[in-house]
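Engineer: kindly generate the corresponding structure for this input.
(2 chains)
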Amino acid sequence: MTEIHPSLGQCAVVAAALKILLFPAYKSTDFEVHRNWLAITHSLPIWDWYYDKTSEWTLDYPPFFAYFEWAMSQVAKLVHPAMLRVYNLEYDSWQTIYFQRFTVIVSELVLLYALQMFIDSAHGISRRAAQAAAISILLSPGLLIIDHIHFQYNGCMYGVLIASLVLARHKSGLLVSGLVFAALLCMKHIYAYLAPAYFAFLLRTYSRIWYRRHPRASFGPFALKGQMPQILSRLFPFSRGLCHAYWAPNVWAMYSFMDRLLITVAPRVGLSVNQEALKSVTRGLVGDTSFAVLPEVTPRICFALTLLFQAIPLTKLFLRPTWEAFIGAVTLCGYASFLFGWHVHEKAILLVIIPFSLIALRDRRHLSAFRPLAVAGHVSLFPLLFTPAEFPLKTVYTIFWLMLFLVMFDRLAPASNRQRFFLFDRFSTLYIAISIPLIVYCSLIHQVVFGNRYEFLPLMFMSSYSAVGVVGSWLGFMGVYFTS
Amino acid sequence: MAAPSSATHKPRRKSKKTATYDAFTKPEALIRTPSFPLRLSSGPPAAPCFQSPPMFGDFEAQRHWMEITTQLPISQWYFYDYQWWGLDYPPLTAYHSWLLGKIGAIIDPTWFELVASRGSHDPTLKIFMRATVIVSEYLIYIPAAVIFVRRYSRLFGVAPWTAWVALVAILMQPATILIDHVHFQYNTVMLGFVLSSMSSMLAGRHMWAAVFFVAALGFKQMALYYAPAVFSFLLGTCIYPRINVGRFATIAIATVISFAILILPIVLGALYDASRGIDSQPDLDGPRPPLPIFSQLADYLDTNAIYYPVVEQLVQMVHRVFPFARGLFEDKVANFWCAINVVIKMRKYPTVLLQRISLAATLAAIAPANFILLVRPRKELLPYAFAVTAWGFFLFSYQVHEKSALLPLLPMTILLAGKQGLGKDIRAWVGFANLLGAWTMFPLLSRVDLKVPYAVLTLLWAYLLGLPPTSTSAYFQEGQNAWLQWSTALVHGAFYLLMIVWHGLAQFVATPPDKPDLWVVANVGIGAAGFMLCYLWCIGKLVQESGILARKVGQSAKSKTQ
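Structural biologist: All right, here's what the predicted structure looks like:
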């Protein structure tokens, strides 16, 4: 078989060069969070990890991630021990920055390996498409913005997720796939949102449900000491608000937007307006959102809605447990949790985009559902970086990525054997076209016209726009999923 | 911009003859990266600009020029405070600065306030300034490179895809990106005009070649490094194959007119300001000072005449642009004089003597190449002749700056788009020159803490072209003179090894206290030796390609092996 160029490795080298150049770029508080975890895991006995409160950024990831930090701290102490002192808060010498940024790039090798597995698992014509999809994930602006500028280790963990998804392709890999996914759950619990799809798929294809027992292995040492309640309270902070500070583009963002509109309409119609909430929404940037006109939303409602919309696609998976249906179900679980979840961060959009990328090239119908998601998902990440220095980079890189891969996908995706949703295509083209004036308005015109007033407006427009895209692509994909 | 479309260009005739491009000599690494050219050519140039080094040097100079051109009457531009980054570039740079300053003042007027804005570190200003470099490059350099590569590769019948690969390699030249986007300058504007001039020559539009070259000179006086080659080629086309007076007259008139247009705003500004009673040197009390240079002119001219402010203005401009009074070299730069300075201390000789020696050496270095170009004004020879001339100036002329290495590197790098451009021989030498060029700039870059972009950009370029230290695929090819290959590989290998060892030493070993500049001097010495080799290689190739020694077969083979 001839190799298809450019290979994944070559792209990775070029991408790594760009990422190294970005070392001095803006970094969020997540950088300090991870530095603090390095310090905690290195300096404190294991039993104190989940109790330490020296920094406000306490350890709130599951134990495997803590072990991962511990392993990195073993290297860090050779490089620059000063970053490992727990009381050394806000420490960011250049050695620390270079070390931590470098670990992100190195840990992405997991992603590289998983993507290579994905390419190797495809055969024939679809191999080309698989390669394109893999490169699109590797070069994803989402990962670039979140991991390499904002600072997190998502690349590594999505690598584990993709490995687990690919392993499930063959019957022999099912058990390992379950185990890998369980390990992933113990690194970052956000992936629990995808667990129902795994549960249904493995239940149907692999009679014994081993993996359910597995998480106990990672929590084991802590459970023995009776630390579970403390860990759980760290992992699931229900005390936070419904909408995250930056307005993740989900159903609740549209709900807030509606509420905002109703505030102006309500007095004329005679609805009562909650005066306290007015200030809160106007501030919009930090803190909890409460609604002025519409009824409050409780975590319970969110949870119920999420479960409901996760259960719908699972019925089909249960009836016809193919690998494609499994990936579709994982994607839809991601959608449901992103759209209806409590305190969703916009970074969670990757939970949808990345599994979807694996099947977006199956045919044109999948692709037309994927396109608005790719635009909306990445545009919604823009507010994460708000410093002027990063503005041109994030915009130019994302636009290039979108142009390159949407055009390439368009050429690679085979025609579907079923009828397309005619209007849906028109909708998605129109939608993508709107993104250009919107970005221009939010980043330039608003500043010129209003100065620093109404700061929440661009954010709200962005997130409502993105929410329309995400919801639209969700509905579209639902249709594709159930008709294919 | 996708496919070469226009089929009416003259070079098509040649393409049949020389369409023997060997598919097996393509560098593997670059060929493996389809879909990348676009992203690569735009990504990295944009990326390092977000590094924010302390930029009190060139950054402040450029910002300051935007300040004075937008805030002062035009007649004071070249007279204003020389000590704080006075304007010492030709008029087109001044107009460019004026335009950018006007645009910037719309965004934030405080960026370019007179005096008050000096040393401004506003982060948005940095973004604006970086963006102006990128936009200027995209408006001038990149279109020029695209058109040049298309014409040049068609001259040899190189496949479009290969030409695109070469284009990416040209646009990603590490030294150019490092100086313009990571350090801070607008060299690509001047280089873009030079490329436009060269591609006009390829297209046979000699008048436009002259116009573009005047624009390059008007932007940066450094373009003079190419001037002899431009002159020889244009004159040569008027003489050979037959004397063509009409063409000569067109070129001459076009040159004169474009120079006139170039200085017209300054002339008119001087007259207008004089008529309004605005003095070009308002700080001066007492009588008008004599002319800074050409002071004997004053004997023939009436200092009260209406044209005198114009003369004064132009003389002052020439005085600023060409600082004759400075030494042979200022900083450590990898040219002949600085290298020889290790053995013989040059500064003990009188300046006039040094100036004469350097002039003689430069003329000797560029004369053979220009003679060849004059008698054989063939388009295929252009890059070689430009490279030889620029190397000659860089190595032997007076007052050379490290950054001037960009000038010989550009014509050498565009060879990649030509005959056998991505073949092993040319790739090895072009790569060697570029990596060595970037390496000699390392002391300059490390002063402002730009080691990481340096390492990343040079290694990436080496990787994409399959060059050492990432690959040895540019050497050893079957069916060629084994002795030649071995000698090239050994010489290059020795230099690459020296560069790597030097990096190790400079990073980890402190210099002896009595010789604080030891590593820099070593860098200069090695660099000068390597550049000398590049000069000899270019001149050897020029002789070989021109066929001027075709009868003496042995000699042309020999000249290739330096």
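
Engineer: please enumerate the helices of the stretch 401-550 of chain B.
Structural biologist: With DSSP state H, counting those that start in this stretch as the criterion, the stretch 401-550 of chain B has helices at B:406-413, B:424-440, B:442-447, B:451-465, B:482-508, B:518-546.

Engineer: single out the residue in the stretch 251-400 of chain B that lies closest to chain A.
Structural biologist: For the stretch 251-400 of chain B and chain A, the shortest gap (Cβ to the nearest Cβ) falls at B:A334, measuring 25.6 Å. To be clear about C-beta, it is placed using only N, CA and C from the backbone, and glycine gets the same treatment.

Engineer: ok, now how distant is the closest residue in space to that residue that isn't next to it in sequence from B:G437?
Structural biologist: Leaving aside its chain neighbours, B:A334 sits nearest to B:G527 (2.9 Å; criterion: Cβ to Cβ, 6 or more residues apart in numbering or on different chains). According to Cβ to Cβ, to the nearest Å, B:G527 and B:G437 sit 8 Å apart.

Engineer: can you tell me the SS state at B:P290?
Structural biologist: Using DSSP: H, G, I helix; E, B strand; the rest coil, the structure places B:P290 in coil.

Engineer: let me see the backbone angles for it.
Structural biologist: Backbone geometry at B:P290, expressed as degrees, to the nearest 10, gives phi -70, psi 170.

Engineer: isn't it up against B:D299?
Structural biologist: No. With contact defined as Cβ atoms under 8 Å, B:P290 does not count as touching B:D299 (10.6 Å).

Engineer: mind checking the SS state of A:Q74?
Structural biologist: Taking three-state DSSP as the rule, one finds A:Q74 in the helix state.

Engineer: from A:T103, how far off is it?
Structural biologist: Using Cβ to Cβ, A:Q74 is found at 12 Å from A:T103.

Engineer: which of the two has more neighbours?
Structural biologist: Between A:Q74 and A:T103, counted using other Cβ atoms under 10 Å in any protein chain shown, the more crowded position is A:T103 (20 against 12).

Engineer: what's near enough to touch the more buried one?
Structural biologist: Residues near A:T103 by Cβ atoms under 8 Å, 6 or more residues apart in numbering or on different chains: A:M72, A:V75, A:Y153.

Engineer: next to chain B, which bits of chain A? Give me the list.
Structural biologist: A:5-7, A:10-11, A:13-14, A:17-18, A:20-25, A:387-393, A:396-397, A:400, A:404, A:408 (Cβ under 8 Å from any Cβ of the partner chain).

Engineer: list only those of those residues flagged as buried.
Structural biologist: Buried members of the residues of chain A next to chain B, scored by 16 or more other Cβ atoms under 10 Å in any protein chain shown, are A:6-7, A:10-11, A:13-14, A:17-18, A:20-25, A:388-393, A:396-397, A:400, A:404, A:408.

Engineer: in helices, which of those residues appear?
Structural biologist: Counted as lying in helices by DSSP state H, out of those, are A:10-11, A:13-14, A:17-18, A:20-21, A:391-393, A:396-397, A:400, A:404, A:408.

Engineer: grab the nearest non-local neighbour of residue 387.
Structural biologist: Here I'm looking at chain A. Sequence neighbours aside, A:Y26 is the residue nearest to A:T387 in space, at 4.6 Å (criterion: Cβ to Cβ, 6+ apart).

Engineer: my question was about chain B
Structural biologist: Distances taken as Cβ to Cβ, 6+ apart place B:P411 nearest to B:A387, at 4.1 Å, with adjacent residues excluded.

Engineer: please enumerate the helices of the stretch 1-150 of chain A.
Structural biologist: So, for the stretch 1-150 of chain A - with DSSP H, counting those that start in this stretch - the helices run A:8-21, A:29-43, A:63-79, A:94-107, A:109-121, A:125-138, A:141-143.

Engineer: which one of the ones you listed lies nearest to A:H189?
Structural biologist: Across those, A:H189 has its closest neighbour in helix A:63-79 (9.3 Å, Cβ to Cβ).

Engineer: packing partners for that closest one?
Structural biologist: Applying 3 or more Cβ pairs under 8 Å, 6 or more residues apart in numbering or on different chains; DSSP states H and E, we find helix A:63-79 packed against helix A:29-43, helix A:94-107, helix A:215-224.

Engineer: highest mean neighbour count out of those?
Structural biologist: helix A:29-43 (a mean of 21; mean count of other Cβ atoms under 10 Å in any protein chain shown).

Engineer: output that helix as CSV, restricted to C-alpha atoms.
Structural biologist: Output in CSV follows, covering the C-alpha atoms of helix A:29-43 (Å, rounded to 0.1, in the frame of the first residue of the first chain):
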residue,chain,number,x,y,z
THR,A,29,-4.8,30.2,35.4
ASP,A,30,-4.9,26.6,34.3
PHE,A,31,-1.1,26.8,34.0
GLU,A,32,-0.8,27.7,37.7
VAL,A,33,-3.4,25.0,38.4
HIS,A,34,-1.2,22.3,36.8
ARG,A,35,1.9,23.7,38.4
ASN,A,36,0.3,23.5,41.7
TRP,A,37,-0.7,19.9,41.1
LEU,A,38,2.8,19.0,40.1
ALA,A,39,3.9,20.5,43.4
ILE,A,40,1.2,18.8,45.5
THR,A,41,1.9,15.3,44.0
HIS,A,42,5.6,15.7,44.4
SER,A,43,5.9,17.2,47.8
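
Engineer: that helix packs against which elements?
Structural biologist: helix A:63-79, helix A:94-107.

Engineer: max-length helix in the chain?
Structural biologist: Since you didn't name a chain, this refers to chain A. Using DSSP H to define each element, chain A has its longest helix at helix A:456-483.

Engineer: you looked at the wrong chain, it should be chain B
Structural biologist: helix B:245-275.

Engineer: could you identify the helix or strand that succeeds it?
Structural biologist: Later in the chain than helix B:245-275, the nearest helix or strand by DSSP states H and E is helix B:297-300.

Engineer: show me which residues of that next one are buried.
Structural biologist: Quick answer for helix B:297-300 (16+ other Cβ under 10 Å): B:A298.

Engineer: quick one: mean pLDDT for it?
Structural biologist: Helix B:297-300 carries an average pLDDT of 76.

Engineer: and for it, what's in contact with it?
Structural biologist: When contacts are defined by Cβ under 8 Å, 6+ apart, helix B:297-300 is touched by residues B:P290, B:L291, B:V311, B:V315.

Engineer: low-confidence ranges, the chain, go.
Structural biologist: You didn't say which chain, so I picked chain A. Applying pLDDT under 70 to chain A flags residues A:1-5, A:206-229, A:231-247, A:274-290, A:419-423.

Engineer: I was thinking of chain B, sorry if that wasn't clear
Structural biologist: For chain B, applying pLDDT under 70 flags the ranges B:1-56, B:285-286, B:324-331, B:477-480, B:550-562.

Engineer: can you pull the contacts of the most centrally placed residue in chain B?
Structural biologist: Nearest to the mean C-alpha position of chain B, counting by Cα atoms, centre = their mean, stands B:L407 at 2.6 Å. B:L407 is in contact with B:L191, B:M222, B:A223, B:Y225, B:Y226, B:A390, B:F393, B:F394, counting by Cβ under 8 Å, 6+ apart.

Engineer: my guess is the third one contacts B:F212. True?
Structural biologist: So the one you mean is B:A223. No. Using Cβ under 8 Å as the test, B:A223 is too far from B:F212 to be in contact (10.2 Å).

Engineer: shared neighbours, the two?
Structural biologist: The contact sets of B:A223 and B:F212 overlap at B:F193, B:V194 (Cβ under 8 Å, 6+ apart).

Engineer: neighbours around the residue of the stretch 201-350 of chain B at minimum distance from chain A, how many?
Structural biologist: Closest residue of the stretch 201-350 of chain B to chain A, Cβ to the nearest Cβ: B:F219 (24.8 Å). B:F219 has 27 neighbours, counted by other Cβ under 10 Å.

Engineer: so it touches B:Y89, yeah?
Structural biologist: Yes. Under the criterion of Cβ under 8 Å, B:F219 makes contact with B:Y89 at 7.5 Å.
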